[in-house]
Structures are given as C-alpha cells and as structure tokens.
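**Q** Model the structure of this input:
(chains A and B)
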Number of protein chains: 2
Amino acid sequence: MKVAFLGLGIMGRPMAVNLAKAGHEVVVWNRTSGKIVAGARVAGTPAEAAKNAEVVWLCVADTKAVEQVLFGADGVESALRAGMIIVDSSTIAPSASCKFAERVAAKGAQFVDAPVTGSKAGAESGQLVFIVGGPDQAVEKLQPLFAAMGKKVIHIGKTGLGESAKLGMNLMAAMMYEAFAEALTLIRKLGVPPEKWWELIQSAAVRSPLIDRKAPKVFQRDFTPSFPLYLMHKDVKLILQAAHESGAKLPALEKVEEVYQMTSKEQQGLDYSATIAVLEKLAGL
Amino acid sequence: MKVAFLGLGIMGRPMAVNLAKAGHEVVVWNRTSGKIVAGARVAGTPAEAAKNAEVVWLCVADTKAVEQVLFGADGVESALRAGMIIVDSSTIAPSASCKFAERVAAKGAQFVDAPVTGSKAGAESGQLVFIVGGPDQAVEKLQPLFAAMGKKVIHIGKTGLGESAKLGMNLMAAMMYEAFAEALTLIRKLGVPPEKWWELIQSAAVRSPLIDRKAPKVFQRDFTPSFPLYLMHKDVKLILQAAHESGAKLPALEKVEEVYQMTSKEQQGLDYSATIAVLEKLAGL
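**A** Here you go, the predicted structure:
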C-alpha cells in the first residue's frame, strides 16, 4: 500500500522501517529533518507526504503535534480525499481523536486511533500490540500494515476507544511503578537489604513483567530512557483529564502526578523510573 | 519436634495440619474453642500449649493479639525457657516484633518473625513462602518445620526484617490492585468494553499474577474473601505506621488508605478487591 509515515521518533522510525521492509511504498516526514528510512522517500511537509497516500500514519508526541501535522500549515488536511485512512499511533486525548475524526470525515477520509504497546524493542522487532479504535472496515483494510509492524491488533471499538484503553493501561503502568518505588523506599528505610526483598517479590503474586524490567535498572541507578519521564508525565495528565471529562475519580493517580511534578528538569529526559528519586529525597535517603 | 501452634485461623489451621502430618508433636490452641487438628492435642491456654514445646508458633490477627497470647493472662511467657524458639507468622508491626524479641530473650528464648505469602491455597498445599527475620542458628533449627509448611524460606536478616519485607510486599499488593481498580473504573466511564480492555492488559507488561487472580472475580462481582478487606486495611495502616516511624513518605498509599476508609462495614468482611465499589460510587457507576 501507499503509506505516508509522519513522525520518526523512538517508536515511529522503526515502525516506518518495518513498513518499508514489508514492501509498502512509504513516504516519510519528520518535524526535524535529517532522519531517513531505507527504501522510503522523504517529503518536505506532511501535505507533500500525504499527497498520493492511501494511508497516512502518525506517530508524534502529543495532542497538539497531531493537530499541527493534520490541520496546521502544510498539514495533511489539504491532501485529504475520500477513502483515505488517517491512523494515529500517538498517545493523545480520546476526546481529541474524536474531534479529529470528525474533521477528516468532512473530506470523506476516515480516522483510526491505534496507539501501541511494546516499547522501542517491540517497535524494532515488529512485535507491537496495536490498541485500535475506528470503523470495522477501515481497521480491516489496515491489517497488512498492522501485520508488518506488530504481533497483535486489539480492536477495542469505535474511534477514541483505542486511546481510552491505552490510557487505562498506562494508568496501571504509572501506579504499578509507583507501588514498587514506594515499597523499595520503605523497606530501605526499615533496613531490609533490597536484594533479599527483590528475591521475595520475584516469588510473590505482585511480580510483573513491568517491574521485572524496571527493577534491575533501578538497583543499578540506570535511568536510561526506555519510556521517558516527560512522556509518561504527559500521559498521566491526559489520564487525569479524561477522568475529569468523564466523571471518574482517581485518588491514588492524582498523588502519582504530584510526585511527577516534584521531579527536576534534568530528570524529565530520563526514564520514568527516575521518579523514585523524589521519594528517596522525601525519605532522606 | 515438639511444637505448640497458637491460632487456627484461615492460615494457621492448615499450617498446623501440615506440621502434624509431617510427624511433629503438635499441641494446638485457638482463642475460640472447637477447632481441632487431626493428630494434634488441644490445649486450654497458650501457656499450657507451650509447656513442653521446643518451638511455639503463632499465627494470629494482629500486634495486640500477639502481645496477648505471649504476655497476657495464661500467656506463653510463663512457659518460656532457655533454648525455646518463638516463631510469629502473624503480620504485625516490625517495631513490635523487636520489642517482643527483647522480652522473650530475657528468659533465654529466641524470637523469629516469619510472616508468609501464598494465601489460603498455599497454606493448605504446604506451598507457602516464609519471609523470615531472626538469628541464623534459630532459623536453621526451624528448617524441618518450614519444610513441612512451605516451599521456600527467604531469610531477610535480623528480627523484625521479615515483617518489614512483608509490609513492603503488601504495599505493592494494595497499590497494584488500586491501579487495576482505578483503571477499570476510568475505562468503563470512557465507554471501553471491559473484556476488550482485559484482553489488552493480558498482552501487556502490566500483567501480574495478582491481577490475573483478582480480575475475573471482579468482572463477576465475586468478592468472596481470599484476603479479607479488614486484614488488608490493617496491613495498610501498619505500613503507614512503619513509614511514619522510619521517616518514609508514601503519598499514593496514603490515598489508598483513604479509599479503604470509605468502605462500608459490610464490605470489611469481603475480599479487599471490593474496594473498587468506592471508586465506582465516586464515578457514579
């Protein structure tokens, strides 16, 4: 298929690489120039990239960036036509996805929200899980593209529900890491050797792949970003916004956001596991 | 070995059964009478049970109950003698364990804190994990007893550290379930079908045995107690007390405790997963 891929960040670039490898005609665009993808043509603007595309795939930082790429100067909007499918793998507000879907529908195009899980490693190995919201028939057409980049597609429901489900998952990730961070801080204050406690956690029902991945790096004070703090913080704020809009109350997550607010500017670029430093400081460690 | 087993509750009774099955000379006592264990003699008071015991094993509700059984009227204290080992599998304040250890040491006895994980099923099948604090040589002597009741012994360090490590683990359990409960409440408000979202969670790094066990029952509104809310609430308060004493700050767990405070009297006897009802009520579900 003819695919325009917009946004070549940590996730986007390997996704575009896998699309090109699978034989699709890929045109790429990135906000800052200089990024290339083997086998793909580089376009100067989102509009140029989208010009002859059947599918326009976005993977950018936030709601504002999606709006800019779609409807800003030289945005995709001018290239929209009937039958075109816009797919958004950015994690943004579900209410914004619905608004964008309406705007592209005015020109006969369809909008599918398809945020992912699987991290950088999953993007590189084509093992992502797509969390999808959108019309059945559009999602069906995208199957060869999903297959080139991922191992699983979960079609949650109509437009916006992919983002909604993703926010619920990231809520769990943020709070489960906070659980580990609060527990580790407490047991250290109580004099428990962390490596003995970790042996216990590994034998217990509270074990999880998320914590298994983060903990060894935390023990080594390695906060190299796998999921950067500023992006997780953005997601936590999106989740609280969605809760506010829908009338849900998330008392513990509100506190996690307060912990994130207490991180330093330098910590923003580190992995979100660096938020443990806030708890350590509060505890005088 | 000659073992007095004090406290025949959900966990204690099957533990005593496994000790007797393994051929140890077991004398049991329970606060309310009428509970029996095949192959074990029943004593009328803790002191009577402890009289000729080499090891006195406790599995009671809370710090106060441990103090009462050890040092109250007809308590173990009068039977204490040099070489006797007191083992406490109750989940209590680590600072209390240290205080009790000093008091029994005055009569030449040793104190080992050995809370467990593995729930009722683990107690029945002899598959518990013991989280142990106490002197090496006492813990060594207890190995045949641990082996009769559990599959693993993690000797964390000196007296009190078994309880400390257990509190850190239960902190994770309480907050991980809260993470699931807040996420499920949010996605329902956003219109996501829970079964589709659950499919996603099962494919994601936030998966954990704890949530795998709780979620299907929550979906069926089955809150039959596996770990009763009033006991988890007690543990959450112990954790906050230990944090206060040691100078740790646990901002998100404090909010979990507030959620627990909002449960009704009827909910106290249900599983702690019933706390999701508080979030549902706040969200108007």
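
**Q** show me what contacts the residue lying closest to A:P115 once chain neighbours are set aside?
**A** Counting by Cβ to Cβ, 6 or more residues apart in numbering or on different chains, A:P115 lies nearest to A:K166, which is 4.1 Å off, once chain neighbours are set aside. All C-beta atoms are positioned from the backbone trio N, CA, C, and that covers glycine. Neighbour list for A:K166: A:91, A:115, A:117, A:131 [criterion: Cβ atoms under 8 Å, 6 or more residues apart in numbering or on different chains].

**Q** Go ahead and build a ChimeraX selection from the buried members of the residues you listed.
**A** A single ChimeraX command suffices to select whichever of the contacts of A:K166 are buried according to 16 or more other Cβ atoms under 10 Å in any protein chain shown:
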select /A:91,115,117,131
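
**Q** Buried residues, stretch A:111-125. List them.
**A** Judged by neighbour count (16+ other Cβ under 10 Å), stretch A:111-125 contains these buried residues: A:111-119, A:122-124.

**Q** how does chain A divide into domains?
**A** Annotated domains of chain A cover A:2-157, A:164-283 [automatic domain parsing].

**Q** For A:P209, grab the count of nearby residues.
**A** A:P209 has 12 neighbouring residues, counting by other Cβ atoms under 10 Å in any protein chain shown.

**Q** Same check on A:L231?
**A** Quick note: A:L231 (other Cβ under 10 Å) scores 18 neighbours.

**Q** could you list every residue that touches it?
**A** Going by Cβ under 8 Å, 6+ apart, A:L231 touches A:61, A:91, A:272.

**Q** quick one: what helix or strand has the nearest residue to the last one once chain neighbours are set aside in it?
**A** In space, not counting the residues next to it along the chain, A:Y272 is nearest to A:M232; the distance is 3.9 Å by Cβ to Cβ, 6+ apart. A:M232 belongs to helix A:229-246 when assigned by DSSP states H and E.

**Q** same question, A:A179
**A** helix A:161-189.

**Q** Same check on A:Q68?
**A** Here A:Q68, judged by DSSP H and E, is contained in helix A:63-71.

**Q** Same check on A:R13?
**A** In the assignment (DSSP H and E), A:R13 maps to helix A:12-21.

**Q** so whichever helix or strand comes after that helix versus helix A:63-71, what angle?
**A** Sequence order places strand A:25-29 as the next helix or strand after helix A:12-21, per DSSP H and E. Angle of strand A:25-29 versus helix A:63-71, following axes from the mean of the first three to the mean of the last three Cα atoms, to 10 degrees, is 120 degrees.

**Q** sorry, back to before: could you dump the domains of chain A into CSV with distance to B:K152 added?
**A** Shown next, in CSV, are the domains of chain A (distance: least, Cβ to Cβ, whole Å):
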stretch, distance to B:K152
domain A:2-157, 31
domain A:164-283, 6
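
**Q** returning to what we had before: just list what the helix holding A:R13 packs against, helices and strands only.
**A** Other helices and strands packing on helix A:12-21, by 3 or more Cβ pairs under 8 Å, 6 or more residues apart in numbering or on different chains; DSSP states H and E, are strand A:2-6, strand A:25-29, strand A:55-58, helix A:119-124, helix A:143-149.

**Q** Format the ones you listed as a markdown table; extra columns: mean pLDDT and distance to chain B.
**A** Output for the helices and strands packed on helix A:12-21, formatted as a markdown table (pLDDT from 0 to 100; distance: least, Cβ to the nearest Cβ, whole Å):
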| stretch | mean pLDDT | distance to chain B |
| --- | --- | --- |
| strand A:2-6 | 98 | 24 |
| strand A:25-29 | 98 | 26 |
| strand A:55-58 | 98 | 20 |
| helix A:119-124 | 90 | 8 |
| helix A:143-149 | 98 | 14 |
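
**Q** Which one, of the ones you listed, ends up nearest to B:V87?
**A** Ranking the helices and strands packed on helix A:12-21 by proximity to B:V87 (Cβ to Cβ) places helix A:119-124 first, at 44.0 Å.

**Q** Just after the closest one, pick out the following helix or strand.
**A** Using DSSP H and E, the next helix or strand after helix A:119-124 towards the C-terminus is strand A:128-133.

**Q** anything in that following strand near chain B?
**A** Yes - if you take Cβ under 8 Å from any Cβ of the partner chain as the test, strand A:128-133 does meet chain B, through A:129, A:131.

**Q** Going by neighbour count, list what's buried in that strand.
**A** Buried, per 16+ other Cβ under 10 Å, within strand A:128-133: A:128-133.

**Q** who touches it?
**A** Strand A:128-133 is contacted from outside by A:15, A:89, A:94, A:97, A:112-118, A:122, A:139, A:146, A:149-166, A:169, B:200, B:203-204, using Cβ under 8 Å, 6+ apart.

**Q** Are any of those buried, and if so which?
**A** With burial judged by 16+ other Cβ under 10 Å, the buried subset of these is A:15, A:89, A:94, A:97, A:112-118, A:122, A:139, A:146, A:149-150, A:153-157, A:159-166, A:169, B:200, B:203-204.

**Q** in chain A, what secondary structure element scores lowest on mean pLDDT?
**A** The helix or strand of chain A with the poorest confidence is helix A:119-124; it has a mean of 90 (mean pLDDT, DSSP states H and E).

**Q** Check which helices and strands that helix sits against.
**A** Here helix A:119-124 touches helix A:12-21, going by 3+ Cβ pairs under 8 Å, 6+ apart.

**Q** quick check: angle from the helix it packs on to strand A:25-29?
**A** Using the same axes, to 10 degrees: helix A:12-21 against strand A:25-29 is 160 degrees.

**Q** and the angle for helix A:12-21 with strand A:2-6?
**A** 170 degrees.

**Q** hey, C-alpha coordinates of helix A:12-21 in PDB?
**A** The C-alpha coordinates for helix A:12-21 follow below in PDB (Å, rounded to 0.1, in the frame of the first residue of the first chain):
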ATOM      1  CA  GLY A  12       7.900   5.900  14.700                       C
ATOM      2  CA  ARG A  13      11.200   5.300  12.900                       C
ATOM      3  CA  PRO A  14      11.400   1.500  13.500                       C
ATOM      4  CA  MET A  15       7.700   1.300  12.600                       C
ATOM      5  CA  ALA A  16       8.300   3.000   9.200                       C
ATOM      6  CA  VAL A  17      11.400   0.800   8.700                       C
ATOM      7  CA  ASN A  18       9.200  -2.300   9.100                       C
ATOM      8  CA  LEU A  19       6.500  -1.000   6.700                       C
ATOM      9  CA  ALA A  20       9.200  -0.300   4.000                       C
ATOM     10  CA  LYS A  21      10.800  -3.700   4.600                       C
END
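
**Q** so who does A:Y272 touch?
**A** Shown in contact with A:Y272 (Cβ under 8 Å, 6+ apart): A:174, A:177, A:227-229, A:231-233, A:260.

**Q** right, and A:D235 touches A:N170 too?
**A** Yes - if you go by Cβ atoms under 8 Å, A:D235 and A:N170 touch, sitting 4.7 Å apart.

**Q** shared neighbours, those two?
**A** With Cβ under 8 Å, 6+ apart as the test, A:D235 and A:N170 both reach A:T91.

**Q** just to revisit the earlier point, any idea which of the helices and strands packed on helix A:12-21 gets closest to B:D74?
**A** Closest approach to B:D74 among those is made by helix A:119-124 (59.6 Å; Cβ to Cβ).

**Q** How far does the closest one sit from its chain's centre?
**A** Relative to the centre of its chain, helix A:119-124 is centred 11 Å away, using Cα atoms, centre = their mean, to the nearest Å.
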